[in-house]
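**Student:** One predicted model, sequence on top.
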Amino acid sequence: MLGFLAGALALIALAVPPSAFAGTYTWNLANDFTATPPGANPDNDQYGATPWSYKEGATTSALKLLPKFESAGGLAFWEDSSTGGVVGVNDSEAPVTGGSETFEPSQIYVEPEVSPVGGLTAVGWTSPLSQTETVTINGSVNSDDNGAGMPPCAYSTSWNVVGPTGASLAASSAPGGTGPFSVSASVAPGATIYVTFSNPVSADAGCDASALALDITAPATAPAVSVTQPASGSSTTVEEPTFSGAASAGFGDSSQVTLRVYSGNAVSGTPVQTVNATRSGGAWSVTLGSALALGTYTAQAEQDDVVGDVGLSTPVTFGVGTPVVILSSPGSTPLPTSTPTLTGTAGTEASDQAFVVVSVYAGSTATGAAIRALTAPVAASGQFAAQVTPALPDGTYTAVATQGDAAGTAGISAPQTFSVDTLAPTVTLLRPLTGSRSDLLKLVFNGGAAAASFDSHLVTITLYKGRKAAGKRYGTANGSVVGSTWSATWPGKLPPGTYTVQVSQTDAVGHIGLSAAHTFRVIAPPPVIGSVTFKGGRVSLKITCNEPARDTCSGNVLVLSQGNFEPLAGGPVGPLTVMFAFIRVQGGQTSTIKRTVVPNVATVLRHRRSLPVTISASLHPLSGPAIHATHRENLRRQ
């Protein structure tokens, strides 16, 4: 033990171990080291199992438990004084000094066996799990580091992480520290992973110990728990029935099973009774503590594990003094038939009626007057089937099944809501009108749509070039259904031409509704820059905003002569500025812009019948990119 207490170590700090969280078991050294005499080897861990062991031997096949537990000077350790093997921990909250060495809190220290030379001292983890799992081993080793006044190490302590098959998972013989390591291994129940340490020469007080940090994690699965008695769909006259079932007995699984009993056909609301049972092996059993009133109930069992996984059984519905009726079809998927068959199970006791009554209500709740009342016989197996007749129109409905008994009580199933969908959605196209013309390059489409819960909330707009809704598609777009209408703006601008459009809508069954096809024309819009004239000292210019009516174009217009002039004798020579104006034009409109020409320029224009000019317009719509247009023509005097 002298080498252990006096040998020099530069110890790494062991991080606070991560707490176990749902779905994962975590074992950690030094937290799982029992440092209170007389100790334990294997040690007790946080889950109550005994995975850790501290061993020595010439080889891994010859490892045996360290025989002696000691506690002195704030240190607790297992040792073999005859061979020199030691595993210890400073379990105090303050550093402990021994010789020239300081042992930090929550550190695991390993001093290799030195007799025989090269012998092993090992920390072992034996899997307590009841099934083979892939575990993750995270750790770090700081070894062969000298203390004050000690000579440099002439050799290195070797360490090795050895998997269950004997294969090395991680290893090092480098002096100083080797940093963290992380490896994984598949471990069978009862198999062991070792971290071994060895010295190649006899003990050296400066190089005989290592600091080890080690975490091992393994996945946890929710316990499998079931209720087998009473059977689902059964009925009993016992008002305090006994429940039983199976439970998991694996590592970490709780010995307690919690049973909750709910009123009605489903696990909902507040339980009417909650009782606990103690698991015996893989089974459990419990009797309710108080009587249940006559009626239908649903029971569910819960078993947890120590890391927070919750195992829940399949709910079991049973009756006390009343038949148990379960309506299991047709389910929530829309049905493509107007005469669906409703099926389920009912009571088969001698006192139970031999038939059930299935009532169908319009809408998503079983309220108001039933629109259909169907009678179906109950087979010896408890099965029944009732076909709806007469046929139902498309829509949403709710069904409830009822069965009476000789005592005058009745079992009522949970409501079953379903939809009938036999027809394709009705979708219409209103805009654009067939035969219409538009000079707008960005078109708006709209119309009517079906709005049942099983109808799609989108319509598909399909556009064809030409006069038929056939052949290669020009493009498609989607329109959103709001209430019973839909609308969409075509993405991008359509070039001038003839087009045909058709709209479709689908439903959950796969029906496709098609609108009538509309053929329309897109014509070229007027140019942005129109004609320009000069009359009575004023210049007039037409400007068009080819944007939707809700938009506005605003910007600058400039009219310059194409030649150079000297409007003022002795003045500058250059192009004449005939007009410069800031304008605003409503979308889809053409405005005439008029401005008075300055006198010197007007004098030049009056002496010319026409003047070549360049017109530039830079317009900015409220939405969309800027419009830049340039036009050249002769400005004519009128």
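**Tutor:** Received the coordinates, thanks. Not measured: the values here are computed from a predicted model.

**Student:** hey, let's count contacts and neighbours off CA atoms from now on
**Tutor:** OK.

**Student:** domains of this protein?
**Tutor:** Using automatic domain parsing, the domain ranges for the chain come out as 2-219, 235-320, 326-420, 437-522, 529-637.

**Student:** wouldn't residue 615 be in contact with residue 631 here?
**Tutor:** Yes: shown here, residue 615 and residue 631 form a contact pair, counting by CA atoms under 8 Å, at 5.1 Å.

**Student:** quick one: which of the two has more around it?
**Tutor:** For the pair residue 615 and residue 631, the greater number of neighbours falls to residue 615 (23 against 15), based on other CA atoms under 10 Å.

**Student:** Now that one: which helix or strand?
**Tutor:** Assigned by DSSP states H and E, residue 615 belongs to strand 610-621.

**Student:** Identify the residues contacting that strand?
**Tutor:** Here strand 610-621 makes contact (CA atoms under 8 Å, 6 or more residues apart in numbering) with 529, 547, 551-563, 605, 626-637.

**Student:** Just the ones in helices from those, please.
**Tutor:** Judged by DSSP state H, the subset of these located in helices is residue 605.

**Student:** Just the buried residues out of the contacts of strand 610-621, in PyMOL syntax.
**Tutor:** Here is the PyMOL command that selects the buried residues among the contacts of strand 610-621 (16 or more other CA atoms under 10 Å):
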select buried, resi 529+547+551+552+553+554+555+557+558+559+560+561+562+605+627+634+635+636+637
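
**Student:** Sort out for me which of the contacts of strand 610-621 are in strands.
**Tutor:** Mapping these onto strands (DSSP state E) picks out 529, 552-563, 627-637.

**Student:** Would you agree residue 504 is in contact with residue 517?
**Tutor:** No: taking CA under 8 Å as the definition, residue 504 is not a contact partner of residue 517, at 10.5 Å.

**Student:** higher neighbour count, these two?
**Tutor:** A count of neighbours by other CA under 10 Å puts residue 504 above the other of residue 504 and residue 517, at 22 against 18.

**Student:** So in terms of bridging, what pairs with the more buried one?
**Tutor:** residue 460, residue 514 (DSSP bridges).

**Student:** Residue 170: what's it in contact with?
**Tutor:** The neighbourhood of residue 170, defined by CA under 8 Å, 6+ apart, consists of 160, 161, 162, 181, 183.

**Student:** Leaving out sequence neighbours, find the closest residue to the last one.
**Tutor:** Leaving aside its chain neighbours, residue 183 sits nearest to residue 137 (5.3 Å; criterion: CA to CA, 6 or more residues apart in numbering).

**Student:** The second one too?
**Tutor:** If the residues on either side of it in the chain are set aside, residue 161 comes closest to residue 195, at 4.5 Å by CA to CA, 6+ apart.

**Student:** Please tell me how far the one you found sits from residue 351.
**Tutor:** Residue 195 sits 70 Å away from residue 351, going by CA to CA, to the nearest Å.

**Student:** cool, and residue 180?
**Tutor:** On the measure of CA to CA, residue 180 and residue 351 end up 72 Å apart.

**Student:** Tell me, how many residues neighbour the residue nearest to residue 161?
**Tutor:** Using other CA under 10 Å: residue 195 sits among 23 other residues.

**Student:** Great, nothing more from me.
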